[in-house]
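*Asks:* Below are the sequence and a predicted model for it; my questions follow.
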Amino acid sequence: MTDLQKSWVLHLGIIALLFVLQFILPAYHHGSLARVMVLTCYAMGYNILFGYTGLLSLGHALFFAAGMYGLSLSIAHLDWNAGPALLAGLAAGFAMALVIGMLLLRTAGVAFMIVTLMFAQAGYLTVLYFGEWTRGDEGFVIQQDLRRIAGYDLSDPTNRYFAALLLMAACIIITLRVVQTGFGRVLVAIRENEERTRMLGYDIQRHKLAAILLSGTMSAAAGAAYGLLFGYAGATFASVQYSIFPLLWVLLGGAGTVLGPFIGTLFMFYLIDLSSELTTAYMLIAGLVLVALTLFAPQGLVGELRRRTMRWLP
Amino acid sequence: MELGPYLILGLLEGLVTAAVLSLMALGLSLVFGVMRVVNVAHGEFFMVGAVLAWWIAGAVGGHPALGFLAALLLAPPLTAGLAMLADQLVLKRIGYDPERTIVATIGLLYVIQQITLMTYGPDARPVEAPFNQRLSIPFVEWTPEGLSMYWPWGLGTTSYKLAVIAAAVILLTAIWLLMTRTRYGLLMRATQLDRETAQAFAIPVGRVYASVFGLGAGLAALGGVLIVPIQQAHYLMGHDPLLLSFIVVIIGGLGSLPGTVVAALLIGVSDGMISVFFSPTLAKIIATLAVAFVLIFRPQGLFGKRAL
């Protein structure tokens, strides 16, 4: 088998495994896994920008929230159906990524991080400021009978799991395709050495903007799906914390690997889930994990795996 | 109350904010200038300073001034020690790599916050000010008999707030003297200019880094101690000042002391003014967007010479 075939077999195999798991898992883990899969899409969107292009954003909650509020506000205040509302969420994320992306192209390095942080903070405060519609920190619930697409009730656990898997499978396939094509290779080249890539004749700015658009829209898709599948939208999802989470998940799983975001999200979710049974201090654990990661495994779990044994992992 | 008294009130409140902010932002700016890393946990050192002040003031007891004085003398060095420990245990070992430092300091932020929550608890607690006389401020108005003075209702401040402003001025002068007139300041500036050349001239760069990180955290803690009689100590109190100090450092230009002070005045006073007239949330939205745009279109800051 060539490396290309191996990677398709591995990734499609994991999707198939997750499909089978839904018939076996107990209800609690069934629900958790659906949540993990939606959040994985957020992490995969983040990974396109951070892992492959080497641009560290500290404000991705802006895109997640754009998707979530694009969907939930158009359901709650415009009385749209779930289908068009989902598209509204994606469009909101895309538009946000386009505007912010054009501005971000003018910055580099630490300035890029701080500008993303500032925009996300402004976005969070804006959600609070328009509390009349968004209900601020308290958030609002999307009624169960409004969460239907093509007759499928997405609040039903099985449908929800299937929808989350479908979304994650789409994100995995998109990321795999990106990595295998020339576009993805240029992104990696930008990460490794921007000057040299420019010298080779590639349009750096256009590639960066495309990466931001893809990353932002994928994150928005995750945000919209989260609102739709779990029926809640609140300002917490726009806060700094939700900008840090994907960074944490991606670093933990392995930046610049297709499966890293999934492994990282799964690991962190269950780490917090299990440790919060023992102690309320899950933030302490998250903090220590972050520090330990920067010290001992800068490449993350899947990254270490690739470094040690499976060099063909995309 | 007319417009004039409102403006004076906004100005006074703004000056107190600016005083604390300039100390904290100066710490952040020193750390960035010398070590070239962004310390995201800076706000937590501010919070640790305030919380330690509460512990120390409570432990000393007696007259409030005694406890406050003890806090003022002990809390900043303790916080600086904590920061130097973090520097040696974590930052030094990842080689001060800019991106990994951001991730590591985010981790530190979580750890410090959670430990404070577990030991100190979720409550906001005050420290009694050493002195707190209420001062009314007169204002002038036109009357048929000409210009006359009157004391508008609600326009006033406390002696403690004025003392905070004075303390910040003294401390900033001391730091400026430290940077420009002492051997330690020379070592710091040499390291800031060119790390490798400094090392070649036998400057202990590692020790300078650790002490600058400690000094930066100590300045943040000082700000925390000074603010705690006005604003209670709480485990999440570091968040807003961190964002504001980022704003100050960016607008003032990194590593520029006069720029930092001017920017702190600008941000503090305009924050005070805008908050008097508009909702604080709107004021914060405007301020954060302003910083983002300054960074995008003028990356060297309004006063700085170097790009971020």
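*Replies:* In hand now; what should we look at?

*Asks:* ok, the residue nearest to residue B:101 when sequence neighbours are not counted - how many residues close by?
*Replies:* Sequence neighbours aside, residue B:37 is the residue nearest to residue B:101 in space, at 4.2 Å (criterion: C-beta to C-beta, 6 or more residues apart in numbering or on different chains). Every C-beta, even on glycine, is put in place using the N, C-alpha and C of the backbone. Each residue near residue B:37 was counted by other C-beta atoms under 10 Å in any protein chain shown, and the total is 23.

*Asks:* could you pull out the strands for chain A?
*Replies:* According to DSSP state E, chain A carries its strands in the segments A:140-141, A:148-149, A:152-153, A:232-233.

*Asks:* Next up, the contacts around residue B:189.
*Replies:* residue B:179 (C-beta atoms under 8 Å, 6 or more residues apart in numbering or on different chains).

*Asks:* Could you grab the helix/strand/coil label for it?
*Replies:* helix (DSSP: H, G, I helix; E, B strand; the rest coil).

*Asks:* Would you mind measuring from the residue nearest to residue B:101 to residue A:112?
*Replies:* From residue B:37 across to residue A:112, the span is 15 Å (C-beta to C-beta, to the nearest Å).

*Asks:* ok so, going back, list the contacts for the residue nearest to residue B:101?
*Replies:* Neighbouring residues of residue B:37 by C-beta under 8 Å, 6+ apart: B:31, B:91, B:96, B:98, B:101, B:102, B:105.

*Asks:* Leaving out chain neighbours, which residue sits closest to the residue of the stretch 51-200 of chain A found nearest chain B?
*Replies:* Closest to chain B within the stretch 51-200 of chain A is residue A:118: 4.0 Å, counting by C-beta to the nearest C-beta. Of all residues not flanking residue A:118 in the chain, residue B:292 sits nearest, at 4.0 Å (C-beta to C-beta, 6+ apart).

*Asks:* That neighbour reaches residue A:122, doesn't it?
*Replies:* Yes - counting by C-beta atoms under 8 Å, residue B:292 does reach residue A:122; the two are 7.1 Å apart.

*Asks:* So which of those two has more stuff around it?
*Replies:* residue B:292 (27 against 22).

*Asks:* Could you say which helix or strand holds the more buried one?
*Replies:* Using DSSP states H and E, residue B:292 sits within helix B:280-297.

*Asks:* Buried ones in the lengthiest helix in chain B, by neighbour count?
*Replies:* Across chain B, the longest stretch assigned as helix under DSSP state H is helix B:3-35. Using 16 or more other C-beta atoms under 10 Å in any protein chain shown as the test for burial, helix B:3-35 gives B:5-6, B:8-10, B:12-35.

*Asks:* From the contact counts, what lies against that helix?
*Replies:* Helix B:3-35 is packed against helix B:42-60, strand B:139-143, helix B:159-181, helix B:183-193, helix B:205-227, helix B:239-252, helix B:257-277, with contacts defined by 3 or more C-beta pairs under 8 Å, 6 or more residues apart in numbering or on different chains; DSSP states H and E.

*Asks:* what mean pLDDT does the helix or strand following the first one have?
*Replies:* Of the helices and strands lying after helix B:42-60 in sequence (DSSP H and E), the nearest is helix B:64-86. Mean pLDDT, helix B:64-86: 91.

*Asks:* and stretch A:31-43, what's its mean pLDDT?
*Replies:* 90.

*Asks:* contacts for it?
*Replies:* By C-beta under 8 Å, 6+ apart, stretch A:31-43 touches A:18, A:21-22, A:25, A:60, A:64, A:157, A:160-161, A:164-165, A:167-168, A:171, A:218-219, A:221-223, A:225-226, A:229-230, A:245-246, A:249-250, A:253, A:261-262, A:264-266, A:269-270, A:273.

*Asks:* and if you look at stretch B:29-36?
*Replies:* B:37-39, B:42, B:96, B:98, B:188, B:191-192, B:208-209, B:212-213, B:215-216, B:219, B:249, B:252, B:254-257, B:260.

*Asks:* Likewise for stretch A:139-159?
*Replies:* For stretch A:139-159, the external contacting residues (C-beta under 8 Å, 6+ apart) are A:22, A:27, A:30-31, A:34, A:72, A:75-76, A:81-83, A:86, A:134, A:160, A:163, A:227-229, A:231-236.

*Asks:* re the thing from before, show me what contacts the residue nearest to residue A:118?
*Replies:* Contacts of residue B:292 by C-beta under 8 Å, 6+ apart are A:103, A:115, A:118, A:119, A:122.

*Asks:* Out of the residues you listed, which comes closest to residue A:303?
*Replies:* Among these, residue A:115 lies closest to residue A:303 (C-beta to C-beta), at 27.1 Å.

*Asks:* what secondary structure does the residue nearest to residue B:101 sit in?
*Replies:* coil.

*Asks:* quick one: pLDDT of it?
*Replies:* 84.

*Asks:* From residue B:30, how far out is it?
*Replies:* Taking C-beta to C-beta, one finds residue B:37 at 11 Å from residue B:30.

*Asks:* In the chain, where is pLDDT below threshold?
*Replies:* Answering for chain A, as no chain was given. Residues of chain A meeting the criterion pLDDT under 70: A:279-280.

*Asks:* I was thinking of chain B, sorry if that wasn't clear
*Replies:* B:1-2, B:140-142, B:146, B:148-156, B:254-255, B:300-308.

*Asks:* any idea of the angle the helix holding residue B:292 forms with helix B:239-252?
*Replies:* On the basis of axes from the mean of the first three to the mean of the last three C-alpha atoms, to 10 degrees, helix B:280-297 is oriented at 40 degrees to helix B:239-252.

*Asks:* Tell me how many other residues crowd the closest residue in space to residue B:206 that isn't next to it in sequence.
*Replies:* Among residues not flanking residue B:206 along the chain, residue B:92 sits closest, at 7.0 Å (C-beta to C-beta, 6+ apart). By other C-beta under 10 Å, the residues close to residue B:92 number 14.

*Asks:* isn't residue B:92 right next to residue B:209, touching?
*Replies:* Yes - between residue B:92 and residue B:209 there is a contact at 7.4 Å, judged by C-beta under 8 Å.

*Asks:* sorry, back to before: are any of the contacts of residue B:37 buried, and if so which?
*Replies:* B:31, B:91, B:96, B:101, B:102, B:105.

*Asks:* what residues are up against the second one?
*Replies:* The one in question is residue B:91. Here residue B:91 is in contact with B:37, B:101, B:104, B:105, B:209, B:213 (C-beta under 8 Å, 6+ apart).

*Asks:* residues in contact with residue B:133?
*Replies:* Residues B:158, B:159 are the ones in contact with residue B:133 under the rule C-beta under 8 Å, 6+ apart.

*Asks:* Relative to chain A, how far out is it?
*Replies:* Separation of residue B:133 from chain A (C-beta to the nearest C-beta, to the nearest Å): 36 Å.

*Asks:* One more: residue B:103?
*Replies:* Separation of residue B:103 from chain A (C-beta to the nearest C-beta): 5 Å.

*Asks:* And for residue B:208?
*Replies:* In terms of C-beta to the nearest C-beta, residue B:208 sits 21 Å off from chain A.

*Asks:* Now that residue: closest residue in space, sequence neighbours ignored.
*Replies:* residue B:191 (4.8 Å).

*Asks:* And residue A:213, by the same measure?
*Replies:* residue A:97 (4.9 Å).

*Asks:* so who does the residue nearest to residue B:208 touch?
*Replies:* For residue B:191, the contacting residues are B:34, B:198, B:203, B:205, B:208, B:209, B:212, by C-beta under 8 Å, 6+ apart.

*Asks:* With residue A:196 instead?
*Replies:* For residue A:196, the contacting residues are residue A:189, by C-beta under 8 Å, 6+ apart.

*Asks:* try the one 5 residues further on
*Replies:* Residue A:201 makes contact with no residue, according to C-beta under 8 Å, 6+ apart.
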